[in-house]
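Chemist: I would like to see how this sequence folds:
(one chain, ligands or ions: 2)
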Amino acid sequence: MVKISFLGSCREVGRSAILIESNQGDQCVLDYGVRFNEEDRMPIAANLSRLKAVALTHCHIDHSGALPFLYLNGNKPPLFTNAVTLEIVEKLIYDMLKVSSYPYPFGKKEINELIRYSQFLENGIKQKIAPKFYITFYDAGHVPGSVSIIVEVDGKRIFYSGDINTIKTNLVDSANPNDIPEIDVAIMESTYALRAHPPRAALEREFVERTINIIENGGKVLVPAFGVARSQEALMILDKYHYKGKLFLDGLATLISKIYFDYPNSLKNKNNYRKAMRNVNFVNRRRKRLYAKKSNGVIVSPSGMLKGGAAMEYIRPILKDPSSAIFLIGYQVEGTPGRQLLDEGIFQFKEHHSYPYIDYDINIKAKCEIKHYDFSSHSDGEELHNYIDSLNFNNNSKEIFCVHGDNKATITFAKQLAEKGFNSVAPEDGEVYKI
Ligand SMILES: [Zn+2]
Ligand SMILES: [Zn+2]
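Modeler: Residues are numbered from 1 along each chain as shown. Ligands and ions are numbered 1, 2, ... in the order given. From the prediction side, this is the model:
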């Protein structure tokens, strides 16, 4: 019997970690991420004494943030990933350790070990990790370098979607279910299983037209965005619809944008990317930031939910200016300053100063325009259903595990799939299934 243990990401988005065990007890871990805003951020503890390999779907820290823990001591397994993902993982984990006071049980030494034990695996190449135990990567369309994974173990084929997008964005190509061979089991993300994204092209056009209008009338536009992929997607959309005004990129997004230059093959169209980046001012010095603050232009900067990051440098005067705008372009989790700004028009934030040690409470009623353009990099409900319908299941099993979504999304998604004849469940943390 093959065993699948869910060490996280059950009925929540965070700490993705799945353990697969063969008949003989050989083990493979798929993703090993952290969760946010919780006391307990690491995946559920498990005996990993026979860990033969770790395979990573993509760089986001809810999938990668806990990886260094597997390189603390003892048996250090190879980490299968690709070059663009590894380089960004390194930056994101260092950034996570820097901005958080949480006592993560690892540091620089383990991050170095993780890099040392990493091996690059090309998509479509079957990699043996133990007897009768193989992994293969397939494009997941989520961010540059993202993959879904097929695990073949003791004659069973398990498909793990990771985070997946089945529509093309400007930055990356979409995932294609026709690439996937016949499977017995699927482990599917469910982030937006209960949502429908608005038509993408119309949304992109509206975003740029509104931006141009505000800039032409003398305002500024702040676009808080995740540093990985979403900031770059925003810049490509602005270029595609001919935004010609001043454009600034700040914070972690600048580092990630430079990494993408080094891995053009991870992008859908490297020429479009280069073209979009040509007019961007990379804010990497104090003087440049002062210039950006004074200019009448667009500022793209993390963090995407306004929980900190370089966006904080710009937000106050923009909030108070009726001719300016803040356009949020990612999902705003409940309880974040971005969500509150969107729902109530109020920006509330606790700003920490380490020297002198003071916390400032910022509470500003927005006079500027606030809008949400959700340029998602996940499939919505209909797209997830279409993807699953196109997968080729072995008729005897048709098992689907719904993970990486909140309580309601994972449970309802599993129910919908059960109605279509799948043997589907939303597992809970720590549960072990035999297949
Ligand atoms: Zn992701
Ligand atoms: Zn994720």
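Chemist: Can you tell me which residue of the stretch 301-435 of the chain sits closest to ligand 1?
Modeler: Ser377 (7.1 Å; Cβ to the ion). Bear in mind the C-beta positions are built from the backbone N, C-alpha and C, glycine included.
Chemist: For that residue, which residues are in contact?
Modeler: 142-143, 163, 165, 169, 229-230, 233 (Cβ atoms under 8 Å, 6 or more residues apart in numbering).
Chemist: rerun that using 10 Å as the cut-off
Modeler: By Cβ atoms under 10 Å, 6 or more residues apart in numbering, the contact list for Ser377 reads 58, 60, 140-143, 146, 163-165, 167, 169, 171-172, 191, 226, 228-230, 233, 330-331.
Chemist: now swap in Ile115 and tell me
Modeler: 68, 71, 79, 86-87, 89-90.
Chemist: Return the subset of these lying in strands.
Modeler: Leu79 (DSSP state E).
Chemist: In JSON lines, list the contacts of Ile115 along with pLDDT.
Modeler: JSON lines is the format used below for the contacts of Ile115 (pLDDT from 0 to 100):
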{"residue": "Pro68", "pLDDT": "98"}
{"residue": "Tyr71", "pLDDT": "97"}
{"residue": "Leu79", "pLDDT": "98"}
{"residue": "Leu86", "pLDDT": "98"}
{"residue": "Glu87", "pLDDT": "98"}
{"residue": "Val89", "pLDDT": "98"}
{"residue": "Glu90", "pLDDT": "98"}
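Chemist: quick check, nearest of the contacts of Ile115 to Asn386?
Modeler: Val89 (30.3 Å; Cβ to Cβ).
Chemist: ok, that closest one - contacts?
Modeler: By Cβ under 10 Å, 6+ apart, the contact list for Val89 reads 56, 58-61, 63-65, 67-68, 79, 81, 111, 114-115, 118, 145.
Chemist: That one and Ile125: what is the separation?
Modeler: According to Cβ to Cβ, to the nearest Å, Val89 and Ile125 sit 20 Å apart.
Chemist: circling back to that earlier point, which element, helix or strand, includes the residue of the stretch 301-435 of the chain closest to ligand 1?
Modeler: Assigned by DSSP states H and E, Ser377 falls within no helix or strand.
Chemist: Could you measure from the residue nearest the centre of the chain over to ligand 2?
Modeler: The centroid of the chain falls nearest to His60 when counting by Cα atoms, centre = their mean (4.5 Å). Using Cβ to the ion, to the nearest Å, we find His60 at a distance of 5 Å from ligand 2.
Chemist: can you tell me which residues contact Glu206?
Modeler: By Cβ under 10 Å, 6+ apart, the neighbours of Glu206 are 198, 241, 371, 373.
Chemist: Any of the residues you listed buried? List them.
Modeler: By neighbour count, with 16 or more other Cβ atoms under 10 Å, the contacts of Glu206 hold Tyr373 as buried.
Chemist: Pull out the buried residues from whichever strand or helix holds Val298.
Modeler: Element membership for Val298, per DSSP H and E: strand 297-301. Across strand 297-301, burial judged by 16+ other Cβ under 10 Å covers 297-301.
Chemist: re the thing from before, quick one: which of the contacts of Ser377 sit in helices?
Modeler: Mapping the contacts of Ser377 onto helices (DSSP state H) picks out 230, 233.
Chemist: Can you give the domain ranges for the protein?
Modeler: Domain assignment of the chain by automatic domain parsing yields the ranges 3-195+377-434, 200-372.
Chemist: Report the secondary structure state of Lys307.
Modeler: The local conformation at Lys307, judged by DSSP: H, G, I helix; E, B strand; the rest coil, is coil.
Chemist: Need the pLDDT of it.
Modeler: pLDDT, Lys307: 89.
Chemist: residue ranges for the strands of the stretch 251-400 of the chain, please.
Modeler: Along the stretch 251-400 of the chain, the stretches classed as strands by DSSP state E, counting those that start in this stretch are 281-282, 297-301, 325-328, 346-353, 358-365, 369-372, 399-403.
Chemist: residue boundaries of the strands in the stretch 51-200 of the chain?
Modeler: Remark: strands assigned in the stretch 51-200 of the chain by DSSP E, counting those that start in this stretch are 51-55, 79-81, 118-120, 127-130, 133-139, 147-153, 156-160, 185-189.
Chemist: show me the contacts for Arg41.
Modeler: Neighbouring residues of Arg41 by Cβ under 10 Å, 6+ apart: 8, 14-15, 33-35, 61, 65-66, 96, 100, 102-105.
Chemist: what do you get for Gln119?
Modeler: Contacts of Gln119 by Cβ under 10 Å, 6+ apart are 53, 78-82, 86, 127.
Chemist: now, among these, which is nearest to ligand 2?
Modeler: Ligand 2 lies nearest to Thr81 out of those, by Cβ to the ion, at 15.3 Å.
Chemist: isn't Ser301 right next to Ser257, touching?
Modeler: No: in this structure, Ser301 is not within contact of Ser257 by Cβ atoms under 10 Å, at 11.6 Å.
Chemist: Now do the shared contacts for these two.
Modeler: With Cβ under 10 Å, 6+ apart as the test, Ser301 and Ser257 both reach 227, 231, 249.
Chemist: ok, the nearest residue to Asn284 once chain neighbours are set aside to ligand 1 distance?
Modeler: Nearest non-adjacent residue to Asn284, counting by Cβ to Cβ, 6 or more residues apart in numbering: Thr254, 6.2 Å away. Distance of Thr254 to ligand 1, given as Cβ to the ion: 20 Å.
Chemist: Could you check how many residues crowd around the residue nearest to Ile167 when sequence neighbours are not counted?
Modeler: Once flanking residues are discounted, Ile167 sits nearest to Ser174: 5.4 Å by Cβ to Cβ, 6+ apart. Neighbourhood size, Ser174 [other Cβ atoms under 10 Å]: 18.
Chemist: mind checking which of the strands of the stretch 51-200 of the chain is nearest ligand 2?
Modeler: strand 185-189 (6.9 Å).
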